[in-house]
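[1] The sequence isn't on hand, but the structure is:
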């Protein structure tokens, strides 16, 4: 019994030696990211901070609960580029998309690594029930270590699929950035219009006040009736009402722009007094080609198709078994051995195992599922492509219409309106025209100036939406003069009848065959 106890103690010591390093290794973890620690602090502050009075300026929770974000460098009239730069750095939607890219990139080393090895400990506390007791002696302890090895190429395919998934997230980040740029430009141009409308109305209020003085002087000299004075005063009141609406529009546009910049809505964001909206592209076929090659949503969809192609190959790998290799160690003792040849020598063995992929219907269903998902993503690419071309055509028509109307107002309506007001004012001073004609000419000129500002703003907003759809700034990708636009790739070739698959295994499927050569290369290379 003493020898049996010693043998049992030897097994338990060996177990402790094996388990202790593994446990220590499991406790050693990577340090958390600084951004993650900030998330923990923000969540704790948002859920546990009690509302017990005003927040002090040095309160560490103030940045989360009530303090306005920093907005250095945005004071005074600023060009739209300054606001775009700020938004790309601080917009929370862009930051979330960027963090998602980092998360999916970290998936690659996870899916390309082997599964953790399995360690099994088998202890026989009662000698009479232990294996080999009668012949070889007492076996108090048995250790088995196994490692699973997937079929050849499986880990590589997993890594390639994860890389394409990370590329999809990268394209989503690009789309989020373009969305922020378009939103900032839309809000900036809206702020510009309301500021310009406020300036136009302020200048016209001074002019309307001059009309009041002219009408009052003529009334005092008996050259007109008091009705002209009252009409002039009503004109001033009308401008004051429109000024109130314009100032409300300025406040709302500033709040909308501040939200996209992640700054306080109370900040006095100001657009430039005069801005240039750029030219409308002349070659729509060039825009089609640019969108096909540059729009992040389309590139991301191609990456999704490339990912699905790897998933199809992974589904086919399940037709082959995974190997399970291991080693066994048996701690032996001569205690209780019946055979005189027993020496209590420890034993070492090797074991091999594998799964049997015999349920062919399940495996075939998995392949067909992966193929169907690839087809769905390919059709989604085609749908998005058609939608992109439609949006380009619509926005081009809108931008051209706004440009033509703005040019008509600037070259025709505006100079004629100013001339009509000047003639009406001179006629009224000389008594050749009544006050109604003067007020009518003035109101027409005011509306022309406001409409011109509106059309120019809508032109800028249409170009901003067009850049969003195309996938980049138009002025940075202008074609060479006289350049022939490239043909728009058509990702849908004539259908070809597929060869029938075997009865128990689906035939080969490659969604990239439906892609154009340039799109296929883009999807495969990532």
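    Looks like it came in fine. Please read all numbers here as calculations on a predicted model, not as lab measurements.

[2] contacts and neighbour counts: CA atoms only from here.
    OK.

[3] Leaving out chain neighbours, which residue sits closest to residue 145?
    residue 119 (4.5 Å; CA to CA, 6 or more residues apart in numbering).

[4] a helix runs through that neighbour, doesn't it?
    No. According to DSSP: H, G, I helix; E, B strand; the rest coil, residue 119 belongs to no helix; its state is strand.

[5] where does it sit relative to residue 143, distance-wise?
    According to CA to CA, to the nearest Å, residue 119 stands 7 Å off from residue 143.

[6] the more surrounded of the two?
    Higher neighbour count among residue 119 and residue 143: residue 143, with 19 against 15, using other CA atoms under 10 Å.

[7] Other residues contacting stretch 79-99?
    Stretch 79-99 is contacted by residues 74, 169-170, 172-173, 176-177, 180-181, 184-185, 188, 260-262, 271-272 when judged by CA atoms under 8 Å, 6 or more residues apart in numbering.

[8] what comes up buried for it?
    Residues of stretch 79-99 classed as buried: 79-80, 83-84, 86-88, 90-91, 93-95, 97-98 (neighbour count, 16 or more other CA atoms under 10 Å).

[9] can you tell me which of the residues you listed lies nearest to residue 218?
    residue 79 (47.0 Å; CA to CA).

[10] What values do phi and psi take at that closest one?
    Note on residue 79: its backbone torsions stand at phi -70, psi 160 [degrees, to the nearest 10].

[11] per-residue pLDDT, it?
    Confidence at residue 79, expressed as pLDDT, is 91.

[12] which one of the buried residues of stretch 79-99 is nearest residue 326?
    For the buried residues of stretch 79-99, the nearest to residue 326 is residue 98 (41.9 Å; CA to CA).

[13] Would you mind giving me the confidence score for that closest one?
    In this prediction, residue 98 carries a pLDDT score of 93.

[14] what's the answer for residue 278, then?
    At residue 278, the model reports a pLDDT of 76.

[15] thought the residue nearest to residue 145 was touching residue 144?
    Yes. With contact defined as CA atoms under 8 Å, residue 119 counts as touching residue 144 (5.8 Å).

[16] Grab the nearest non-local neighbour of residue 249.
    In space, residue 249 is closest to residue 194, 5.8 Å off (CA to CA, 6+ apart).

[17] can you give me the helices in the protein?
    2-27, 34-48, 62-65, 80-90, 92-105, 107-111, 154-220, 226-261, 284-294, 296-317, 360-408, 414-430, 435-470, 517-525 (DSSP state H).

[18] any idea how far the fourth one is from the chain center?
    Pointing back at helix 80-90 there. 16 Å (CA atoms, centre = their mean, to the nearest Å).

[19] helices and strands of this structure: which one has the lowest mean pLDDT?
    Least confident helix or strand, the chain: helix 62-65 with a mean of 35, by mean pLDDT, DSSP states H and E.

[20] Residue 239 and residue 206, how far apart?
    Going from residue 239 to residue 206 by CA to CA gives 10 Å.

[21] Below-threshold pLDDT in the stretch 301-450 of the chain: ranges please.
    Low-confidence segments of the stretch 301-450 of the chain, defined by pLDDT under 70, span residues 334-344, 432-433.

[22] Sketch out the low-pLDDT regions of the stretch 101-250 of the chain for me.
    Looking along the stretch 101-250 of the chain with the criterion set at pLDDT under 70, you get 126-138, 224.

[23] thinking again about what came up before, quickly compare the helices of the chain and say which is most buried.
    helix 296-317 (a mean of 25; mean count of other CA atoms under 10 Å).

[24] which helices and strands sit right next to that one?
    Helix 296-317 sits against helix 154-220, helix 360-408, helix 517-525, with contacts defined as 3 or more CA pairs under 8 Å, 6 or more residues apart in numbering; DSSP states H and E.

[25] Go again with 10 Å.
    Judged by 3 or more CA pairs under 10 Å, 6 or more residues apart in numbering; DSSP states H and E, the packing partners of helix 296-317 are helix 154-220, helix 284-294, helix 360-408, helix 435-470, helix 517-525.

[26] how distant is that helix from the center of its chain?
    Worked out by CA atoms, centre = their mean, helix 296-317 lies 19 Å from the chain centre.

[27] quick check: angle from that helix to helix 154-220?
    On the basis of axes from the mean of the first three to the mean of the last three CA atoms, to 10 degrees, helix 296-317 is oriented at 160 degrees to helix 154-220.

[28] returning to what we had before: residue contacts, the residue nearest to residue 249?
    Residue 194 makes contact with 200, 243, 245-253, 271, 450, 453-454, 457, according to CA atoms under 10 Å, 6 or more residues apart in numbering.

[29] That one and residue 186, how far apart?
    Taking CA to CA, one finds residue 194 at 12 Å from residue 186.

[30] Spit out the residues that contact the two alike.
    Common neighbours of residue 194 and residue 186 (CA under 10 Å, 6+ apart) are 253, 457.

[31] Please report how far the nearest residue to residue 374 once chain neighbours are set aside lies from residue 315.
    Closest residue to residue 374 apart from its sequence neighbours, by CA to CA, 6+ apart: residue 308 at 5.0 Å. The gap separating residue 308 from residue 315 is 10 Å, by CA to CA.

[32] Show me whatever sits in contact with both of those two.
    370, 371.

[33] Generate JSON lines for the helices and strands packed on helix 296-317, with distance to residue 420 as supplementary columns.
    As requested, the helices and strands packed on helix 296-317 are exported to JSON lines (distance: least, CA to CA, whole Å):
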{"stretch": "helix 154-220", "distance to residue 420": "15"}
{"stretch": "helix 284-294", "distance to residue 420": "40"}
{"stretch": "helix 360-408", "distance to residue 420": "17"}
{"stretch": "helix 435-470", "distance to residue 420": "6"}
{"stretch": "helix 517-525", "distance to residue 420": "59"}
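
[34] Tell me which of the ones you listed sits nearest to residue 428.
    Of all the helices and strands packed on helix 296-317, helix 435-470 comes closest under CA to CA, at 6.6 Å.

[35] Report all helices and strands that the closest one contacts.
    helix 154-220, helix 226-261, helix 284-294, helix 296-317, helix 360-408, helix 414-430.

[36] Now do stretch 143-153: distance to the chain's middle.
    39 Å.

[37] All further residue positions should be reported with the first residue as 6.
    All set: I'll call the first residue 6, so the last point we hit is now stretch 148-158.

[38] Show me the contact partners of it.
    By CA under 10 Å, 6+ apart, stretch 148-158 touches 16, 19-20, 23, 119-128, 160, 318-319, 322-336, 353-359.

[39] Just the closest of the contacts of residue 199 to residue 302, please.
    Using CA to CA, residue 462 is the member of the contacts of residue 199 that lies nearest residue 302, at 27.1 Å.

[40] mind checking how far the closest one is from residue 270?
    22 Å.

[41] Repeat that for residue 439.
    Taking CA to CA, one finds residue 439 at 48 Å from residue 270.

[42] So those two - more neighbours on which side?
    Set residue 439 next to residue 270 and count neighbours by other CA under 10 Å: residue 270 wins out with 18 against 15.

[43] Excluding chain neighbours, what is closest to that one?
    Here the residue nearest residue 270, using CA to CA, 6+ apart, is residue 260, at 4.7 Å.

[44] just checking, the one you found touches residue 189?
    No. The pair residue 260 / residue 189 is not scored as a contact, 11.6 Å apart, by CA atoms under 10 Å.

[45] Overlap of the contact sets of the two?
    With CA under 10 Å, 6+ apart as the test, residue 260 and residue 189 both reach residue 266.

[46] In contact with the closest residue in space to residue 479 that isn't next to it in sequence, which residues?
    Leaving out its chain neighbours, the residue that sits closest to residue 479 by CA to CA, 6+ apart is residue 472, at 6.2 Å. When the contact criterion is CA under 10 Å, 6+ apart, the partners of residue 472 are 183-184, 186-187, 292, 296, 300, 397, 400, 466, 478-480.

[47] how close does residue 472 get to residue 262?
    Distance of residue 472 to residue 262, given as CA to CA: 19 Å.
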